[in-house]
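A.B. asks: the amino acid sequence is not available; the structure is as follows:
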Ligand SMILES: O=C(O)CCC(=O)Nc1cc2ccccc2cn1
Ligand SMILES: [Mn+2]
């Protein structure tokens, strides 16, 4: 009957959902990265893309990394990504907000699943705002780097791509991850409605190869509660140290002048 049908559908939804989270946990623990295709479906994906187009044409994106390209005889500055930060509750960002909630739901579910242990034994309770990034084509790229090299608390990088019919042969823009252990690289195409996760620390140096077509991505970083608290304490202590240094310097200076 209808009720049983809905219960099955709901259960199927849950089961599919749990399977997704289980796959992510397994991939993260085995490879340190995970790729989920068709995360939200075409309709939702296009709604998010439209919102990002709207933000871009509204001019809210800041010029990102500045990269001078000396290859040409004249200095050609290739700007890397242009970025803007979004909470997802701002006017005209409802669909980006929906995306963030969906990624949160997956991370929270994965973080609580007992049978597979937690995600890397982390305790994930908060995240950054969403960073919407655009590579404006013309060879813009991002040099190899580690997102969190010095334990600032960020443990998982989540990136959602919005690029319809992306052809890597023509457009480049591959995310290349150089996993610290292992002798292979992971080349990830920034395909529409693709969601990826990877550990944010030194396990995953990565680069964005030169893009020859406008390339959009939305990134969220998730914090481990303990690592984040330790990082904030270090900052606070440093501030106190700096403050006390200033105080002692000022007092000695005052002492000298009186
Ligand atoms: O778009 C992709 O495939 C990944 C791009 C990427 O790594 N972006 C990025 C952007 C960043 C901006 C500010 C600070 C750290 C950052 C680290 N990573
Ligand atoms: Mn990065």
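C.D. replies: Here it is on my side, so go on. Note that this is a predicted model, so its numbers are computed, not measured. Ligands and ions are numbered 1, 2, ... in the order given.

A.B. asks: return the nearest residue of the chain with respect to ligand 1.
C.D. replies: residue 175 (3.5 Å; Cβ to the nearest ligand atom). From N, CA and C alone the C-beta is placed, and that goes for glycine too.

A.B. asks: that residue contacts residue 190, doesn't it?
C.D. replies: Yes. Under the criterion of Cβ atoms under 8 Å, residue 175 lies in contact with residue 190, with a separation of 6.4 Å.

A.B. asks: and this structure, which residues reach ligand 1?
C.D. replies: 133, 142, 147, 159, 175, 190, 206, 208, 217 (Cβ under 6 Å from any ligand atom).

A.B. asks: was I right to think the second one contacts residue 159?
C.D. replies: No. Applying Cβ under 8 Å, one finds residue 142 not in contact with residue 159, separated by 11.9 Å.

A.B. asks: pLDDT below threshold where in the stretch 51-200 of the chain?
C.D. replies: Filtered on pLDDT under 70, the stretch 51-200 of the chain yields the residue ranges 64-79, 114-118.

A.B. asks: do a quick rundown of the helices in it.
C.D. replies: 94-112, 168-171 (DSSP state H, counting those that start in this stretch).

A.B. asks: quick check: which of those is buried the most?
C.D. replies: Greatest average neighbour count among these goes to helix 94-112 (a mean of 18), per mean count of other Cβ atoms under 10 Å.

A.B. asks: how far does that helix sit from the chain's center?
C.D. replies: 13 Å (Cα atoms, centre = their mean, to the nearest Å).

A.B. asks: that one packs against which elements?
C.D. replies: Counting by 3 or more Cβ pairs under 8 Å, 6 or more residues apart in numbering; DSSP states H and E, the packing neighbours recorded for helix 94-112 are helix 2-31, helix 42-57, strand 124-127, strand 130-136, strand 154-161, strand 214-224.

A.B. asks: now the ones you listed in a markdown table, with distance to residue 85 and mean neighbour count?
C.D. replies: A markdown table is the format used below for these (distance: least, Cβ to Cβ, whole Å; neighbours: other Cβ atoms under 10 Å):
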| stretch | distance to residue 85 | mean neighbour count |
| --- | --- | --- |
| helix 2-31 | 25 | 13 |
| helix 42-57 | 11 | 16 |
| strand 124-127 | 12 | 15 |
| strand 130-136 | 6 | 23 |
| strand 154-161 | 14 | 24 |
| strand 214-224 | 10 | 22 |
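
A.B. asks: now those as CSV including distance to residue 105?
C.D. replies: What follows is these, written out as CSV (distance: least, Cβ to Cβ, whole Å):
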stretch, distance to residue 105
helix 2-31, 8
helix 42-57, 14
strand 124-127, 12
strand 130-136, 15
strand 154-161, 12
strand 214-224, 12
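
A.B. asks: do you know which of those lies nearest residue 183?
C.D. replies: Proximity to residue 183 (Cβ to Cβ) singles out helix 2-31 among the helices and strands packed on helix 94-112, at 13.5 Å.

A.B. asks: just checking, next helix/strand downstream of that closest one?
C.D. replies: Note on helix 2-31: by DSSP states H and E, the next helix or strand toward the C-terminus is strand 33-36.

A.B. asks: residues in contact with residue 131?
C.D. replies: Counting by Cβ atoms under 8 Å, 6 or more residues apart in numbering, residue 131 touches 83-86, 218-220.

A.B. asks: residue 175 and residue 190: which is more packed in?
C.D. replies: residue 190 (25 against 21; other Cβ atoms under 10 Å).

A.B. asks: excluding covalently adjacent residues, which one is nearest to that one?
C.D. replies: Computed as Cβ to Cβ, 6 or more residues apart in numbering, the closest residue to residue 190 that is not its neighbour in sequence is residue 161, at 4.1 Å.

A.B. asks: list the beta-bridge partners for that neighbour.
C.D. replies: residue 194, residue 217 (DSSP bridges).

A.B. asks: is it in contact with residue 192, as I believe?
C.D. replies: Yes. Counting by Cβ under 8 Å, residue 161 touches residue 192, with 6.5 Å between them.

A.B. asks: alright, calling it a day.
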